[in-house]
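> here is a sequence together with a model predicted from it:
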Amino acid sequence: MLKIFVGDKPIILTSVVEPETDFKNYLLNTVNIGKVIKELENTKLKSVRLIHKNEKKLLKKFLRLLPNVIAGGGKVYNDKGDILFIYRNGKWDLPKGKAEKKETIEITAIREVEEETGVKGVEIIKPLETTYHIFKRNGKYRIKVTYWFEMKTAYDGPLEPQENEGITKVEWLGVGESKMALVNSYANIKLLV
């Protein structure tokens, strides 16, 4: 079962049909994705389930419904075990951004972390789960596919928010502070942290 977020509400990809309660079922092969997105945005539905009999084909078929934007990002730890957060558009987030042409996703993730935060010397430790969310740009819906990596750095210098990207704060947050930040964050970030 995979979740693609529209705001904080998930579209769940599954091969299991369950009786509808606070969600609706649709067949993936015939779904009107624009209608589903609007339903999630404008009704009290908690989620939507897109069903296909072949579980292995769910994601591939879903990703064909809308243009894809590929991004890379990091859950970065310092030597104290704090996590690097950014504050953008009124919410706490982790640094991430769009891949550039001919750039590996690992290079994208490191570049975006460094550009958005001013942190240097970032190293990838291991891949984390990939997240998916739907957003609207220039009147059209798109699916952002973000490849996340656990990272570390010994950097102890000044943090510099990339203001032209709407980032107003960059902070290292400890365990308690991270939990508080997640109250005002995105559903896919809550899954990662």
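Yep, it's here. Small disclaimer: the values here were computed from a predicted structure and weren't measured.
> show me how the record splits this protein into domains.
2-63, 69-192 (automatic domain parsing).
> TSV for those domains, including mean neighbour count and mean pLDDT?
C-beta here means a position set from N, CA and C on the backbone, and glycine is covered the same way. Listed next are the domains of the chain as TSV, based on neighbours: other C-beta atoms under 10 Å; pLDDT from 0 to 100:
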stretch	mean neighbour count	mean pLDDT
domain 2-63	15	94
domain 69-192	17	96
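> ok, residue 24 - contacts?
Residue 24 sits next to 39, 45, 48-49 when contact means C-beta atoms under 8 Å, 6 or more residues apart in numbering.
> wait, residue 14 touches residue 53, no?
No. Residue 14 is beyond contact range of residue 53, at 10.6 Å (criterion: C-beta atoms under 8 Å).
> which other helices and strands contact the helix or strand where residue 190 lies?
If you go by DSSP states H and E, residue 190 is part of helix 187-192. In terms of contacts (3 or more C-beta pairs under 8 Å, 6 or more residues apart in numbering; DSSP states H and E), helix 187-192 is packed against strand 2-6, strand 131-137.
> wait, which of the ones you listed is closest to residue 183?
strand 2-6 (16.7 Å; C-beta to C-beta).
> mind listing the strands that closest one pairs with, and their directions?
Looking at strand 2-6 with DSSP bridges, its partner strands are strand 9-14 (antiparallel), strand 131-137 (parallel).
> that older thread, can I get the helices and strands packed on helix 187-192 in TSV with distance to residue 102?
Below are the helices and strands packed on helix 187-192 laid out as TSV (distance: least, C-beta to C-beta, whole Å):
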stretch	distance to residue 102
strand 2-6	27
strand 131-137	23
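> the ones you listed: which one's closest to residue 23?
Closest among those, using C-beta to C-beta: strand 2-6, at 12.0 Å.
> what about the closest one, distance to the chain center?
9 Å (C-alpha atoms, centre = their mean, to the nearest Å).
> and for stretch 185-193?
Taking C-alpha atoms, centre = their mean, one finds stretch 185-193 lying 7 Å from the centre of the chain it belongs to.
> and the contacts of that stretch?
Contacts of stretch 185-193 (C-beta under 8 Å, 6+ apart): 3, 5, 7-10, 75, 83, 91-94, 128-129, 131-133, 146, 148, 178, 182.
> what does stretch 91-100 give?
Outside stretch 91-100, the residues touching it (C-beta under 8 Å, 6+ apart) are 69-76, 83-87, 105, 108-109, 111-113, 115-117, 146, 148, 165, 181-182, 184-186, 189, 192-193.
> please narrow these to those residing in helices.
105, 108-109, 111-113, 115-117, 181-182, 189, 192 (DSSP state H).
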